[in-house]
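Visitor: Need a 3D model of the following:
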Amino acid sequence: MRYAAAALALLLAACGSEQPPNRTAASVTLRILAGSEIRDLEPLKPGMERAAEARIEFVYTGSLDAVDKLEAGEAYDAVWLSHGKYLQQTPSLKPRIRASERIMASPVVLGLRASKAAALGWDKEDPTWAEIVRAAASGKLSYGMTNPASSNTGFTALVGVAAALADKQDAITVADIKTGELRKLFQGQKLTAGSSGWLAEAFVRDQDRLDGLINYESVILELQASGKLKERLVPVYPKEGIVTADYPLMLLNDGQRRNYDLLVKHLRSPETQREITQRTLRRPVLPEVEPAAAIPKRVLSELPFPASREVLDELIDAYQGELRRPASTYFVIDTSGSMQGAGISQLRAALHALAGADTSTSGRFSHFQPRERIYLLPFAGTPGEPKRYELPPRRDQPSAALDEVRAFADSLRADGSTAIFSSVKMALDTAVTDRRKAPARAYSVVVMTDGKNESGMSEADFERWYQGLGEEERGIPVYGLLFGQAEKAQLDHLARLTGGRVFDARENLAAAFKEIRGYQ
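Guide: Below you'll find the model as predicted:
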């Protein structure tokens, strides 16, 4: 009897260590479409899964891409972005949001090198947005910012400054957008990025030539603590206020409400809020939880957010077409024999998408933009014959350039070997010459290849040539699009040498094309 009782006790103990059989983490999956900024919470995922009694699957994407995915009918149980306003103001998606809870917060602010903040007097007194605009327009302020069409930090900053300049107590309308003043602000933008993380990395590299960056407060504080800066950054909070990212976790699938509620309860618990603020330097949403010591103790003034998607789209369109520095983009396009078949077909489709064929939300904002100058250089064993096109100043003006780009794409044929470095050198030579004539434009080179260098200049030859350039001849980033069997190490070397980045297009070249547009 004693042995039977002991066996029974062991059995009960074993059963007690398991979760209820009908709600195990293995049997329930909470699929969450998440912004890339959420990645830094991955270490907390095991605790989230235990609390939610579900396996959690994060699918990372950009904010506008999230809208495209949901409008295309992709199935997710929840969506977790740094800012939910664009999605919430999309008519087809707003009814699908069953619940929404703020999880953490980080205002988008200007981080300035301490010497520049002191020179402008902003280390002692907060400036107005109008003062920031004047400093940028006069050449006294240079900064980096993400592209509002691809990243929430740039989008949030654009919305905030537009609201501040309108000087209204309530939400702005399209008629309130002061493009003239906004254009002055963006004269100071000397670095563009497609994500807040890469912007921080690029600022470290370019800190000697930039005064600061517009980014999440948390990213600026992390940079401060990284040991990578030559001088500290001073967070600047404009007097009229800022817009804060509040990271809403939004429920889409009502059938998963129980698991969603359990997850929200866990994330908003004092214990988890303390861990989040200490780990990420974001602000807790519970007033009883003390923010991490590095976070400035100040009350944030929040600017009104536009009440319609029409205003948001108009702001992004204005930034792309009127406000930002006009772009000069040099595409170095592999047409070697290895591109025969699917490779050349994908390239044609991607160029057609940039020329207007992609009508999705993210696709529309990644099209070739007004005032953009486009340089298309096909290459195989040697650089081919380049083509140049220029788009008119306004989106509504007729232009034959896009038709010519589409015709160029259709004319591409695959044959021969691969001369990557000779072709990139030719594009950079051309870009440097063009920049001398028009220094106010933003220049970048994109190389698209599915192979490794076989002809012309070697990798070592290219590095020697590049290192021999004068300081005034550098600074044009080379971005690599990796697809097929391309030699990633070669593209990585090009990107590191020039301050660019490599994008993996092996699964979806069109999507990679859209992503890279956020950096141009």
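Visitor: Count residues in the vicinity of A438, would you?
Guide: 11 (other CB atoms under 10 Å). Where C-beta positions appear, they are placed from N, C-alpha and C, glycine not excepted.
Visitor: Assign a three-state SS to the closest residue in space to R388 that isn't next to it in sequence, would you?
Guide: Residue nearest to R388 in three dimensions, not counting chain neighbours: Y375, with 5.5 Å by CB to CB, 6 or more residues apart in numbering. Using DSSP: H, G, I helix; E, B strand; the rest coil, the structure places Y375 in strand.
Visitor: How much space separates Y375 from V332?
Guide: Using CB to CB, to the nearest Å, we find Y375 at a distance of 9 Å from V332.
Visitor: what's the answer for S345, then?
Guide: Distance from S345 to V332, by CB to CB: 19 Å.
Visitor: Of those two, which one has the most company?
Guide: V332 (27 against 14).
Visitor: wait, that one sits on A431?
Guide: No. The criterion here is CB atoms under 8 Å, and V332 misses it with A431 at 10.7 Å.
Visitor: Just say helix, strand or coil for L182.
Guide: helix.
Visitor: so who does it touch?
Guide: By CB atoms under 8 Å, 6 or more residues apart in numbering, the contact set of L182 is V133, L158, V161, A162, L165, A318, Y319, L323.
Visitor: quick one: the helices in the stretch 1-150 of the chain?
Guide: 2-16, 45-52, 63-71, 85-88, 114-120, 129-137 (DSSP state H, counting those that start in this stretch).
Visitor: Show me the least confident stretch of those helices, going by mean pLDDT.
Guide: For those, mean pLDDT drops lowest on helix 2-16, to a mean of 39.
Visitor: Reduced to three states, what does the nearest residue to E487 once chain neighbours are set aside come out as?
Guide: Nearest non-adjacent residue to E487, counting by CB to CB, 6+ apart: K452, 3.5 Å away. Assigned by three-state DSSP, the conformation of K452 is coil.
Visitor: Now K452. Its backbone dihedrals?
Guide: Backbone torsions for K452, taken as degrees, to the nearest 10, come to phi -110, psi 160.
Visitor: ok, it to G384 distance?
Guide: K452 is 19 Å from G384, by CB to CB.
Visitor: ok, these two, which is more surrounded?
Guide: The neighbour comparison of K452 against G384 (other CB under 10 Å) goes to G384, with 19 against 16.
Visitor: circling back: ok, now how distant is the residue nearest to E487 from P287?
Guide: 57 Å.
Visitor: where does the protein have its least confident helix or strand?
Guide: Scoring the helices and strands of the chain by mean pLDDT, DSSP states H and E places helix 2-16 at the bottom, with a mean of 39.
Visitor: Nearest residue to K297 in space, please, no chain neighbours.
Guide: Among residues not flanking K297 along the chain, P291 sits closest, at 7.5 Å (CB to CB, 6+ apart).
Visitor: Check L249 too.
Guide: W80 (4.8 Å).
Visitor: returning to that earlier point: show me the common contact partners of Y375 and V332, please.
Guide: The contact sets of Y375 and V332 overlap at A427 (CB under 8 Å, 6+ apart).
Visitor: A114 - how many residues pack around it?
Guide: Neighbours around A114, by other CB under 10 Å: 13.
Visitor: my read: it touches R232, true?
Guide: Yes. The pair A114 and R232 qualifies as a contact (CB under 8 Å) at a distance of 5.0 Å.
Visitor: Spell out for me which residue occupies the centre of this protein.
Guide: Centre of the chain computed as the mean C-alpha position; nearest residue by CA atoms, centre = their mean is S195, 2.7 Å away.
Visitor: Next, find the distance separating the residue nearest to L249 from A34.
Guide: 5 Å.
Visitor: and if you look at E74?
Guide: 13 Å.
Visitor: more neighbours, these two?
Guide: With neighbours defined as other CB under 10 Å, E74 and A34 compare such that A34 has more, 23 against 13.
Visitor: Quick check: the gap between the more buried one and A66.
Guide: With CB to CB as the criterion, A34 and A66 are 8 Å apart.
Visitor: what residues are shared contacts of the two?
Guide: Joint contacts of A34 and A66 (CB under 8 Å, 6+ apart) are V79, L81.
Visitor: ok now the helix ranked longest in the chain, how far from the chain's centre?
Guide: Looking across the chain with DSSP state H, the single longest helix is helix 420-437. Using CA atoms, centre = their mean, to the nearest Å, the mean C-alpha position of helix 420-437 is found 26 Å from that of the whole chain.
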